[in-house]
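Undergrad: need coordinates for the below:
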Amino acid sequence: MPKNNPFVSVIVPFVEYDDNMKECINGVLNLKYPTYELIIVSDEKKEIPKNQKIKCIVSGKKTISYKRNLAMKKSDPKVEYFAFIDSDACPKKDWLRNTINLFKKNKKISAAGGPNIKPENADYRETCASNSVLSPFVSGMKYFQCKISESRFVDDLPTCNLIIRKDVIKSVGMFDEKLMTGEDLDLCLKIKRKGGKILFSKDIVVYHHRRKIFKPFLRQRFVYGMSVYKLFKKNPSVKSLYLLIPPLIIVYIVLGIAFSFFSVFVFIFFMETLFFAFLLSLFEGMRTSENIKQVFGTASNIFLSFFVSGIGAFLGVIKNSDSKNIYEKR
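TA: Residues are numbered from 1 along each chain as shown. Down below sits the predicted model:
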């Protein structure tokens, strides 16, 4: 193995061997980097075209965290970095090369990633979903990660585009297999608590297919909301307070509806705030859309996302054994 090209395990958990997964595999196999393996992990055995770089693992019906952990355990002993990407994402050809070069330049970097942007072949519904995540009302202050933005050190990165040093994983531990979503945030927070640095670089790019509007996208937001309680409970801090915004929105709506029956003033104020939220969504839809045709779909999706993730956050307090099935549906 060439000394200047440390070995990397690219890990992709998946459920269905669909067009997105095929695109992901082809993208990884065409990377301009010489020393890596591709480990794909599925619930059950799939007919995957044979390639010397591909290692197929069957995990059974487990969480995505379990699959990623299993892949790391089964990885080549000489691996120095774990590269995580989702099955609905496709890396640019220089994805690994650019990442490893950054690790070489700065030995203090524990993990790195970059923009996960809209694929060029996205249709109208997927484009509106991609527009939506460019709004802070959907993605919070992490919206910059969904476009080509200036490089900076961050608190966390998503596993659709995340590369971590193996020695860091050994130090902080693997993914929490009890979490249905938010396992990447949880792992990054563990890295930060150990004093690690996480770099967002504009040069580490993947193309990420979003779940289409409305039902598939909102279903995903609902499941994200269900993990809010567990994440905040594990990481109670000032920086984690933003996780409580979705359930607080629902509290406001429930109280607003209830008190509107007893006060005309409350009713008017409540309706005005909802209208204001709609105007904000419309403004964000106009700001993030590429043309006028996308504004309605984008704005409506942003507005609905306000509430759906909050409902999921409340239901997340109660254990829901069907959450995995909800998450995997598209």
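
Undergrad: where does residue 40 land in three-state SS?
TA: Classification of residue 40 using DSSP: H, G, I helix; E, B strand; the rest coil returns strand.

Undergrad: hey, where'd the helices end up in the stretch 201-330 of the chain?
TA: 215-226, 228-234, 245-260, 264-288, 295-315, 323-328 (DSSP state H, counting those that start in this stretch).

Undergrad: out of the ones you listed, which is closest to residue 152?
TA: Of all these, it is helix 264-288 that lies closest to residue 152, at 20.8 Å by C-beta to C-beta. Yep, even glycine has a C-beta here, placed from its N, CA and C like the rest.

Undergrad: buried stuff in that closest one?
TA: Neighbour-count burial for helix 264-288, counted by 16 or more other C-beta atoms under 10 Å, picks out 266, 270, 277, 280-282, 284-285, 288.

Undergrad: so what's residue 278 closest to, chain neighbours aside?
TA: Using C-beta to C-beta, 6 or more residues apart in numbering and skipping residues adjacent in sequence, the residue nearest residue 278 is residue 303, 5.7 Å away.

Undergrad: list the contacts of that neighbour.
TA: By C-beta atoms under 8 Å, 6 or more residues apart in numbering, residue 303 lies in contact with 277-278, 281.

Undergrad: go on, residue 149?
TA: Contacts of residue 149 (C-beta under 8 Å, 6+ apart): 115, 200, 202.

Undergrad: tell me the pLDDT at it?
TA: With respect to pLDDT, residue 149 has a value of 96.

Undergrad: assign a three-state SS to it, would you?
TA: Recorded secondary structure, residue 149: coil (three-state DSSP).

Undergrad: kindly provide the distance from it to residue 205.
TA: Distance, residue 149 to residue 205, using C-beta to C-beta, to the nearest Å: 11 Å.

Undergrad: now the common contact residues for these two.
TA: Common contacts of residue 149 and residue 205 (C-beta under 8 Å, 6+ apart): residue 115.

Undergrad: what's opposite residue 83 in the beta bridge?
TA: Under the criterion DSSP bridges, residue 83 forms beta bridges with residue 10, residue 163.

Undergrad: tell me, how many residues neighbour it?
TA: Residues near residue 83, counting by other C-beta atoms under 10 Å, number 29.

Undergrad: I figured it hits residue 96, correct?
TA: Yes. In terms of C-beta atoms under 8 Å, residue 83 counts as a neighbour of residue 96; the distance is 6.4 Å.

Undergrad: and the closest residue in space to residue 30 that isn't next to it in sequence, how many residues sit next to it?
TA: Closest residue in space to residue 30, ignoring its immediate chain neighbours: residue 93 at 6.0 Å, by C-beta to C-beta, 6+ apart. By other C-beta under 10 Å, 13 other residues sit near residue 93.

Undergrad: so residue 93 makes contact with residue 31?
TA: Yes. Residue 93 lies in contact with residue 31 (C-beta under 8 Å); the separation is 6.0 Å.

Undergrad: list phi and psi for residue 50.
TA: phi -70, psi 140 (degrees, to the nearest 10).

Undergrad: distance of it from residue 56?
TA: Distance of residue 50 to residue 56, computed by C-beta to C-beta: 9 Å.

Undergrad: ok, these two, which is more surrounded?
TA: residue 56 (14 against 7).

Undergrad: comparing the helices of the stretch 201-330 of the chain by mean pLDDT, which bottoms out?
TA: Looking at these, the bottom one is helix 323-328 with a mean of 48.

Undergrad: what about residue 108, distance to residue 53?
TA: Going from residue 108 to residue 53 by C-beta to C-beta gives 30 Å.

Undergrad: which of those two has more residues huddled nearby?
TA: residue 53 (13 against 10).

Undergrad: just the pLDDT for the more buried one.
TA: We note a pLDDT of 95 for residue 53 in this prediction.

Undergrad: what of the one 3 residues further on?
TA: The per-residue pLDDT reported for residue 56 equals 96.

Undergrad: which residues touch it?
TA: Shown in contact with residue 56 (C-beta under 8 Å, 6+ apart): 40, 42, 45-46, 48.

Undergrad: equivalent analysis for residue 124, please.
TA: Applying C-beta under 8 Å, 6+ apart, the residues near residue 124 are 293-294, 297.

Undergrad: and residue 92, by the same measure?
TA: Residue 92 neighbours (C-beta under 8 Å, 6+ apart): 205-207.

Undergrad: how does it look with 7 Å?
TA: 205-206 (C-beta atoms under 7 Å, 6 or more residues apart in numbering).

Undergrad: residue 21 now?
TA: By C-beta under 7 Å, 6+ apart, residue 21 lies in contact with 14, 87.
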